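Student: Predicted structure and sequence below. I'll ask about it afterward.
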Protein chains: 2
Amino acid sequence: MVRLSDVAVHAGVSVRTVSNVVNDFRHVAPHTRARVQASIDELGYRPNMAARNLRRGRTGLLALVVPEIDSPYFSDLAARTVRIAEDEGWTVLIDQTDGDPARERRLLHGERSQLVDGVIFSPWSVPAQELASRSDATPIVLLGEHDGAPPVDHVVIDNVRAAEEAVGHLVARGRTAIAAIGVRPTLGNATAHQRLLGHRRALATAGMEPRSDREAPVGSLHRAEGHRAMTELLDSLEPPDAVFCFSDQLALGALRAVVDAGLRVPRDVAVVGFDDIEDGRYAVPRLTTVSPDRDQIARLALQVLRDRLAGDDTPARVHTAGHRLVVRESS
Amino acid sequence: MVRLSDVAVHAGVSVRTVSNVVNDFRHVAPHTRARVQASIDELGYRPNMAARNLRRGRTGLLALVVPEIDSPYFSDLAARTVRIAEDEGWTVLIDQTDGDPARERRLLHGERSQLVDGVIFSPWSVPAQELASRSDATPIVLLGEHDGAPPVDHVVIDNVRAAEEAVGHLVARGRTAIAAIGVRPTLGNATAHQRLLGHRRALATAGMEPRSDREAPVGSLHRAEGHRAMTELLDSLEPPDAVFCFSDQLALGALRAVVDAGLRVPRDVAVVGFDDIEDGRYAVPRLTTVSPDRDQIARLALQVLRDRLAGDDTPARVHTAGHRLVVRESS
DNA sequence: GCACGGGCATGCAACGTTGCAAACTGGGGG
DNA sequence: CCCCCAGTTTGCAACGTTGCATGCCCGTGC
């Protein structure tokens, strides 16, 4: 390992001067800078991050905690976050909870606290009240709503309104038996609840009765669950002619279930998803969906952390990112 | 921030003893351990990773460098790697190159070298010879083959054989005009070349002539390119009746192109992909594909790094993971 | 000619931890 | 009764870096 002192000896300057060159300190004479830089290059010096972090009290790392990195929505979000964070000089560490409450809890309460400067947390099963009782001092920002507005910064989209728009679109298309897939029994996850609320509101606006047998719960947001739920809906006495799914993954599973039942989309059943994942754009038929502004979500989350790290101690706020309904072939 | 010394004062022992408790050192009296642990819990002590890393000379971090985290293949691989690495006490940092040669180069030559203990690198555009000239001492393991067998550890699958099996399957299905999509002009990426080789071999075995107008190059491995390439193939004078795509993403794009052309899969054109991403399992029709054993890939890569960090300095080797052809509806 | 100031270079100390080796304890054997 | 040893605890130093404060040098202005 090459240290600053090695470079200093090689260049015939002090350790401090080498450090000044490495850190682009202003007051370094051009020829000194050039000489030191030459030594750095020749010796192949790399700053020791551990030492730098220790001295600076910052690591330059952020944790992005998601239920699963291999779900399209989160991998897309992760990719954007990594890119945007990099532009601001941060490196992102991705943590996967698999929805495991124990793991979420550990990460929430500071498992990474001395390793990262801040945490972007997408909770799955940890209840809101527990978020509030967090004692760790590392700045954190939550993705997604949580009931009871815990005193933690949030980045959200307007899920109620988005769901309302999606279902309103189905109504406008003349659908009369509109089901929802994606209801979550877990209280912790308010996102599903908000979307259900929007769904019901749109039905109410259209003068339709919400029917609990058309609000299908799921165990996960994966395709398989969408497939299963849709199959059950189609097997019911009064099958729906449209379905609003709380994720594109569910929608793609549902799409497949419609095909498996010998029906056509959108002729027999219209399908709308949520998330705007790439698969939906290439599905047959192309999936109508709600597209959250992920870049804005990532940017807002990073901005919150940046502000908090800069000493901003105003009360926690909720930051709302945009969304839009993208109508394609499936509805 | 709570330090070891704070805990030491609180528990009435030396700093070193607290450290011994934190690190599960054997020779600590049970009652001492209990008392120290109580202080740790009460004060909410968290080890300072920067200091620990500096002292130990290890960070416990690994970098996983992939072209893009939001492509299904890599996000799936990343998810598995993170899980398996965690079991071994490692934390994985995911780096995204976007296929940018400059960024690949930086990461290859040690941009992260003082931050991570090892690197799992999935190169995209950096040529093999440059891999060989790597001077950085951080252990590295490459995913995917590279011509010229540079002196770096590799984890691969037998791409030639896998491609041969895939195309052989199309031959067995009675297809006579079999195209390939995914040829890469870049010399660096030998994977595409290997798959093309397997494709040609299978054709030769079946007594068919390889035709360069049925070997479609692509600019990326995304759906859009698969769509474009397939559209062009279908527009040719003698359109193929089957296509082997070098990735599932390409295959899904191709699938869509067939539908857009008013044709049916597999009746008019059979489609086979490569990677076994989840979307393929739910596509309409379900995609036939080559499924690499990703868990084995991740495990092999981690094992290589573990061995190298333990001081193994035997010559670099090539480690081959398994694969299998999964026949579904698209062929 | 001298004082001053801005640009530049440096020495010292400290960040929080762990490796090392030494020091202490109590119990059993000589 | 003393010594030895295993078990336990401790002090010291060092990991490589950067903040702070200081000192040096040279050019400018009086």
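Tutor: That came through fine. In this text the structure is predicted, and so the values were computed from the model without any measurement. Residues are numbered from 1 along each chain as shown, chains lettered A, B, ... in the order given.
Student: And A:Ala29, what's its pLDDT?
Tutor: In this prediction, A:Ala29 carries a pLDDT score of 89.
Student: Pull up the gap between it and A:Ile40, please.
Tutor: For A:Ala29, the distance to A:Ile40 equals 16 Å [Cβ to Cβ, to the nearest Å]. For the C-beta atoms, the positions are set from N, CA and C on the backbone; glycine is no exception.
Student: With neighbour numbers in mind, choose between the two.
Tutor: Applying other Cβ atoms under 10 Å in any protein chain shown to A:Ala29 and A:Ile40 shows that A:Ile40 carries more neighbours, namely 21 against 9.
Student: Where does that one sit, in terms of helix or strand?
Tutor: helix A:30-43 (DSSP states H and E).
Student: quick one: buried residues of that helix?
Tutor: A:32, A:35-37, A:39-40 (16 or more other Cβ atoms under 10 Å in any protein chain shown).
Student: where in the stretch 101-250 of chain A is pLDDT low?
Tutor: For the stretch 101-250 of chain A, the stretches with pLDDT under 70 are A:128, A:147-150, A:185-189.
Student: Nearest to DNA strand C: which residue in it?
Tutor: Residue of the stretch 101-250 of chain A nearest DNA strand C, by Cβ to the nearest atom of the strand: A:Gln114 (7.4 Å).
Student: Report all helices and strands that the helix holding A:Ile40 contacts.
Tutor: helix A:4-11, helix A:15-22 (3 or more Cβ pairs under 8 Å, 6 or more residues apart in numbering or on different chains; DSSP states H and E).
Student: right, is it up against DNA strand D?
Tutor: No: using Cβ under 7 Å from any atom of the strand, helix A:30-43 stays clear of DNA strand D, coming no nearer than 10.1 Å.
Student: Work out the gap between that helix and the centre of the chain.
Tutor: 43 Å (Cα atoms, centre = their mean, to the nearest Å).
Student: Same question for stretch A:319-331.
Tutor: For stretch A:319-331 - counting by Cα atoms, centre = their mean - the centre lies 16 Å from the chain centre.
Student: and it, does that touch chain B?
Tutor: No: Stretch A:319-331 does not reach chain B (Cβ under 8 Å from any Cβ of the partner chain); its nearest approach is 10.7 Å.
Student: which residue sits closest to A:Gly280, ignoring its sequence neighbours?
Tutor: A:Leu287 (3.5 Å; Cβ to Cβ, 6 or more residues apart in numbering or on different chains).
Student: From DNA strand C, how far off is that neighbour?
Tutor: Going from A:Leu287 to DNA strand C by Cβ to the nearest atom of the strand, to the nearest Å gives 50 Å.
Student: is it true that that residue touches A:Leu252?
Tutor: Yes: counting by Cβ atoms under 8 Å, A:Leu252 is a contact partner of A:Leu287 at 6.9 Å.
Student: List the residues that are in contact with both of those two.
Tutor: Overlap of the contact sets of A:Leu287 and A:Leu252 (by Cβ atoms under 8 Å, 6 or more residues apart in numbering or on different chains) consists of A:273, A:279-280.
Student: quick one, helices of the stretch 51-200 of chain A?
Tutor: For the stretch 51-200 of chain A, the helices defined by DSSP state H, counting those that start in this stretch occupy A:72-87, A:101-108, A:128-132, A:159-172, A:190-205.
Student: ok, A:Glu104 - contacts?
Tutor: A:65, A:97, A:123-126.
Student: of all those residues, which two lie farthest apart?
Tutor: Pairwise distances across those peak at 12.5 Å for A:Val65 and A:Ser125 (criterion: Cβ to Cβ).
Student: more neighbours, the two?
Tutor: With neighbours defined as other Cβ under 10 Å, A:Val65 and A:Ser125 compare such that A:Val65 has more, 25 against 18.
Student: Report the beta-bridge partners for the more buried one.
Tutor: A:Asp95, A:Phe121 (DSSP bridges).
Student: wait, doesn't it sit right on A:Val92?
Tutor: No: using Cβ under 8 Å, A:Val65 and A:Val92 do not qualify as a contacting pair, with a distance of 10.7 Å.
Student: correct me, but A:Tyr45 touches A:Val7?
Tutor: Yes: counting by Cβ under 8 Å, A:Tyr45 does reach A:Val7; the two are 5.1 Å apart.
Student: Find the residues that touch each one of these two.
Tutor: Going by Cβ under 8 Å, 6+ apart, residues that sit against A:Tyr45 and also against A:Val7 are A:Ser39.
Student: who has more neighbours, the two?
Tutor: Neighbour count, other Cβ under 10 Å: between A:Tyr45 and A:Val7, A:Val7 has more, with 26 against 21.
Student: one step back: between helix A:4-11 and the helix holding A:Ile40, find me the angle.
Tutor: 110 degrees (axes from the mean of the first three to the mean of the last three Cα atoms, to 10 degrees).
Student: relative to helix A:15-22, how tilted is helix A:30-43?
Tutor: 90 degrees.
Student: do stretch A:103-116 and DNA strand D meet?
Tutor: No: Stretch A:103-116 is not in contact with DNA strand D by Cβ under 7 Å from any atom of the strand; minimum separation 14.9 Å.
Student: Buried residues of that stretch, list them for me.
Tutor: Buried, per 16+ other Cβ under 10 Å, within stretch A:103-116: A:103-104, A:107-116.
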